[in-house]
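[1] the sequence and its predicted three-dimensional model are supplied below.
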Amino acid sequence: MTARLAAHDLSVRYATPLGDVHALRHVDIEASAGEVIGIVGESGCGKSTLVTALANLLPGNARVSGSIVYNGTDLVGLDPHRQRMLRGDEIALVGQDPMTAFNPVLTIGDQLVDFQHHRHDLSRRQKEARIAETLARVGISDARRRMDSYPHELSGGMRQRVAIAAALMTDPGLLIADEPTTALDVTMEAQIIHLLRELRREFNGIIIVVSHHLGVIAELCDRVYVMYAGEVVEDGDVDAIFHDARHPYTRALLACDPARFHDRLDRLPTIPGSLPSLMTPPAGCVYAARCERAFAPCSNTAPAATQLTATHAARCHAVHA
Amino acid sequence: MSSVADSDLSGLRRRRFPALQALLADPITGIALVLVVGFLLTAALAPWLAPYPPTQINVLHKLQPPSAEHWFGTDHLGRDLLSRVIYGARTALMIAIVSVSIAGIVGLILGLIAGYGPRWLDGILVLTFDSLNSLPMIMFALAIITVAGAGTGTLILVIAMTSFPSYARLIRAQTLALKNSDYILAERLFDASPFRILFIHLLPNVVGPLIILLSMDIPVVIMVEAGLSFLGLGVRPPTPSWGSILYDGYTSIRAAPFVVIFGGLPLILATLGFTFLGEGLRDYLDPRLRAGRPG
Amino acid sequence: MLTYALKRIGLGLLILVFVMVVMYAAVFLIPGDPATVALGPRATPQLKQMLIERMGLDQPVWWQIIRFFGNAVTGNLGYDVWSNRPVSTLVMEALPNTLILGVAALTTALLIGVPLGCLSVMQRGTVADAIIGVASVAVIAVPSFVVAIYSLLVFAVMLRWLPAIGAGESGDILSQARALILPALAIALGWIGYIARMVRASMMEVMGEPHIRTARAFGLPEWKIVSKYALRIAIIPTISLVAVGLGAILSSAVFVEAVFSRPGIGKLITDAVNTRNYPVVMGTVLIMTAIYVFITIAADLLIARLDPRVRDVFRG
């Protein structure tokens, strides 16, 4: 198995009138075909910026440094035309909010036909046949009728299935699901997770799932990156992260997951404090201000990654191999 | 509460001087400001600037092309065109400012009443505004002029009547939004009189957007005045107006094309100047639009 | 959808009645009676009395209003004071010329303005975008009748390319088309800027929506995103603008028709005002307002058809 995606020392900052926002700092990510990678962290930790960078969809005010090598091509600094040729062909994205992901005045079928624009070899009829087939594959009955529907005529869960179908149809090497279940209710969420689990068996590219929901990550992923304030603080196999977490932030995050409580608690646990400013990131460890184990070096020296096992690493002064 | 007030004050203080700078930073707004100030000065100083009395007829010198004596030439009655253009600025700006001010005041009062008054009154007023708004302005103007006769007074009346509904609508919308804001609710809890709430709290907050809208309507009014005067339905001759100069020039367009050229230029420059200045003002003063600009 | 349409039409009729009542009220609030105004101060009392009786001015105001509407419903808008021809005939003769002018101007403006707005969005932030932006505001600001006079001077008087006055020979389409070019362009110029600006503004808003990101994520080319995915939504507010625009265009037509002596509604009403021909003015204003109000309603219904979200709200 050869690694197909490797982001190295990836940083993204957004230029705003009030100053630069350092949304992502020195991130390293690796993924190989057949793997499902999870990215987890609370809101504003840089998850979305990371996947937006991987999908080449950063807004104009974003400044990127480092590299994202996909199948031997560095996506950073690639000319816009070649970036566009990769999008929707090699790289597909399933967005956060199925309610707004589709154009409201065009039918589903019309949009899905357009999304296959890289396939010059297919006629419109053939593209429609593929749509019907893929919609059936993601569990949508009477696909032909759904193709004539407008997005608002479908339920949220149904729309997310369509979004997944759209991504599958392009036959991508890298499929990114950005918070695929966040906007859905619990029943729908379970259905979508079930669908994604089914798909990962027949899919042989890379899947990246982003979520702040630990349960989703645990159910779907092989390896997990835990992010905090624009940095990866811990990464490892899903078992290592969920059963042998070493970084204090990962531990705190796991302790706050309601699904893992064994007893009824009077008060839900929380992590005290808030995210550091991304305008002026702290000189030391990003988590130092909220960390219960913080000591002298934490506030002025950024911790280097400590390799715990071949596949498990944490960035913390208090963690030793 | 106090921190909000403090930041507001410091915001104002920071803004006051850079406001002019920011306005002038945009070269087009700068040119527009120069044009507008130029026209205002021309209008104010007309008697000193004009080389001849604007209504002095000299039939022997009719339709003379531009010369050292008559920079813009003379019209079909031998009147000095430059002097008529200068006095025309006076007519245009006077009518524009007076009618827009009247419309602004009427709109402000009716808008506040509709927004703050009882619901039934609001309903009636809104229907009135909508009906007047749904009337093509020029058609209405022509109907009134038929009955009242052409003249400066009619012109001002017509312009005020057709433009106040949009001001009233704006003020009503602003008032409705403010009426339910936290600080007005707090005032009401303290039993402040409606008068106090209306004039101390609502008024200062709704006047800003109104002034932007008024300033943006000035070029439209200048155009309507010139247009009606062109049709012979605006100011009465021999009062100089850019519109009537254009009409005089139109009737002698083959023999003396310079009359329409010099009659139209100040009208174009004035509408451009006021329009771009209004645009600049709005872009600067309306934070919503500023925020809407892509970074 | 049908109930919505009926509701809108009902409201339109109400506005129309209200407008005429306001106009009648304005007429009676202003000193002087229409008969004196029409005939001038030196008219004999007998002549004045005759006109008063013919115009029904001796009746109470409310009765006059009811009678006016009663007659209007049956197509009788009163009679020209001077020629005694029915006002409805005069309006019907003039209306086609004005409508052709308005539609030609609006079509031209849309055909040029919409692509310019799209171009501006695709080139956003560039010099081209800035130039289109400033030029749009400039052409909106310049009065259409000055454009009309200047274009008359250049293309008809100096270059002699196009006719200066009239609506062309009746029955000769080519001559009518030639007579249409200058007036239509004079009106269209400002609207090109207005439409380009409107399309740009609403398009910029749409371009920030998540579904545009989806289209980008699938690598659709920018021109397709702009011309299909964004324009289909951005065009909706433009349509209502255009509908309101037709009313404003009827106003511009008054001036432009005067410049080119084009025998349309504008010229009819201007001449009527100049000769104090009150029934013609009232009748024409009623017809023009009705056209204006119902174009606005038609635009709303069209918007409902174009936007499937709105369509379903009305269906349910």
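    That came through fine. Because the structure is a prediction, the values reported are computed rather than measured.
[2] every contact and neighbour count from this point should use C-alpha atoms.
    Will do.
[3] near B:A168, how many other residues are there?
    By other Cα atoms under 10 Å in any protein chain shown, the residues close to B:A168 number 28.
[4] show me which residues of the stretch 201-316 of chain C are close to chain B?
    By the rule Cα under 8 Å from any Cα of the partner chain, the part of the stretch 201-316 of chain C lying against chain B is C:247-248, C:250-251, C:254-255, C:258, C:269-270, C:273-274, C:276-278, C:281-282, C:285, C:288-289, C:292-293.
[5] would you list every one of the helices in chain C?
    In chain C, helices defined by DSSP state H lie at C:2-29, C:34-39, C:45-55, C:61-73, C:87-122, C:127-141, C:144-151, C:173-207, C:210-217, C:222-224, C:231-259, C:265-274, C:278-306, C:308-315, listed in chain order.
[6] in TSV: the ones you listed, plus mean neighbour count.
    Output for these, formatted as TSV (neighbours: other Cα atoms under 10 Å in any protein chain shown):
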stretch	mean neighbour count
helix C:2-29	16
helix C:34-39	21
helix C:45-55	14
helix C:61-73	14
helix C:87-122	20
helix C:127-141	18
helix C:144-151	24
helix C:173-207	22
helix C:210-217	22
helix C:222-224	14
helix C:231-259	22
helix C:265-274	23
helix C:278-306	21
helix C:308-315	14
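[7] go through these and name the closest to A:E231.
    Across those, A:E231 has its closest neighbour in helix C:210-217 (24.6 Å, Cα to Cα).
[8] export that closest one as PDB, just CAs?
    C-alpha atoms of helix C:210-217 as PDB (Å, rounded to 0.1, in the frame of the first residue of the first chain):
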ATOM      1  CA  PRO C 210     -22.800  27.000   0.000                       C
ATOM      2  CA  HIS C 211     -24.200  25.500  -3.200                       C
ATOM      3  CA  ILE C 212     -21.800  27.500  -5.200                       C
ATOM      4  CA  ARG C 213     -19.000  25.900  -3.100                       C
ATOM      5  CA  THR C 214     -20.500  22.500  -4.000                       C
ATOM      6  CA  ALA C 215     -20.400  23.500  -7.700                       C
ATOM      7  CA  ARG C 216     -16.800  24.600  -7.200                       C
ATOM      8  CA  ALA C 217     -15.900  21.400  -5.300                       C
END
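[9] which ones are touching the residue nearest the centre of chain A?
    Central residue of chain A (Cα atoms, centre = their mean): A:V210, 2.8 Å from the mean position. By Cα atoms under 8 Å, 6 or more residues apart in numbering or on different chains, A:V210 lies in contact with A:38-40, A:47-48, A:176-180, A:217.
[10] which bits of chain A sit near chain C?
    Going by Cα under 8 Å from any Cα, the residues of chain A near chain C are A:55, A:57, A:84-89, A:92-93, A:95, A:100-106, A:114-115, A:117, A:150, A:152.
[11] can you select the buried ones from those in PyMOL?
    Here is the PyMOL command that selects the buried residues among the residues of chain A next to chain C (16 or more other Cα atoms under 10 Å in any protein chain shown):
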select buried, chain A and resi 55+57+84+85+86+87+88+89+92+93+95+100+101+102+103+104+105+106+114+115+117+150+152
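[12] does stretch C:188-199 come close to chain B?
    No - using Cα under 8 Å from any Cα, stretch C:188-199 stays clear of chain B, coming no nearer than 12.3 Å.
[13] distance from the chain centre to that stretch, please.
    15 Å (Cα atoms, centre = their mean, to the nearest Å).
[14] next: stretch B:88-99.
    Worked out by Cα atoms, centre = their mean, stretch B:88-99 lies 9 Å from the chain centre.
[15] and for that stretch, what are the contacting residues?
    Contacts for stretch B:88-99 (Cα under 8 Å, 6+ apart): B:39-40, B:42-44, B:46, B:152, B:155-157, B:159-160, B:218, B:221-222, B:225-226, B:240-242.
[16] just the buried residues of it, please?
    Buried residues in stretch B:88-99 (16+ other Cα under 10 Å): B:88-97, B:99.
[17] would you mind writing the CA trace of it as PDB?
    Coordinates of each C-alpha in stretch B:88-99 appear next as PDB, following Å, rounded to 0.1, in the frame of the first residue of the first chain:
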ATOM      1  CA  GLY B  88     -29.700  77.800 -14.200                       C
ATOM      2  CA  ALA B  89     -27.600  76.200 -11.500                       C
ATOM      3  CA  ARG B  90     -29.300  78.400  -9.000                       C
ATOM      4  CA  THR B  91     -32.800  77.400 -10.200                       C
ATOM      5  CA  ALA B  92     -31.800  73.700 -10.300                       C
ATOM      6  CA  LEU B  93     -30.200  73.600  -6.800                       C
ATOM      7  CA  MET B  94     -32.800  75.700  -5.200                       C
ATOM      8  CA  ILE B  95     -35.700  73.500  -6.400                       C
ATOM      9  CA  ALA B  96     -33.800  70.300  -5.600                       C
ATOM     10  CA  ILE B  97     -32.900  71.300  -2.100                       C
ATOM     11  CA  VAL B  98     -36.200  72.800  -1.100                       C
ATOM     12  CA  SER B  99     -38.400  70.000  -2.500                       C
END
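[18] which non-adjacent residue is nearest A:I68?
    Distance criterion Cα to Cα, 6 or more residues apart in numbering or on different chains; nearest residue to A:I68, sequence neighbours excluded, is A:A7 at 4.1 Å.
[19] which other helices and strands does the helix or strand hosting that neighbour contact?
    Secondary structure from DSSP states H and E places A:A7 in strand A:3-16. Packing partners of strand A:3-16 (3 or more Cα pairs under 8 Å, 6 or more residues apart in numbering or on different chains; DSSP states H and E): strand A:19-32, strand A:62-70.
[20] partners of the following helix or strand past the shortest one, with directions?
    Following the chain from strand A:62-70 toward its C-terminal end, the next helix or strand by DSSP H and E is strand A:73-74. Its sheet considered, strand A:73-74 pairs with strand A:62-70 (antiparallel) by DSSP bridges.
[21] alright, that wraps it up for me.
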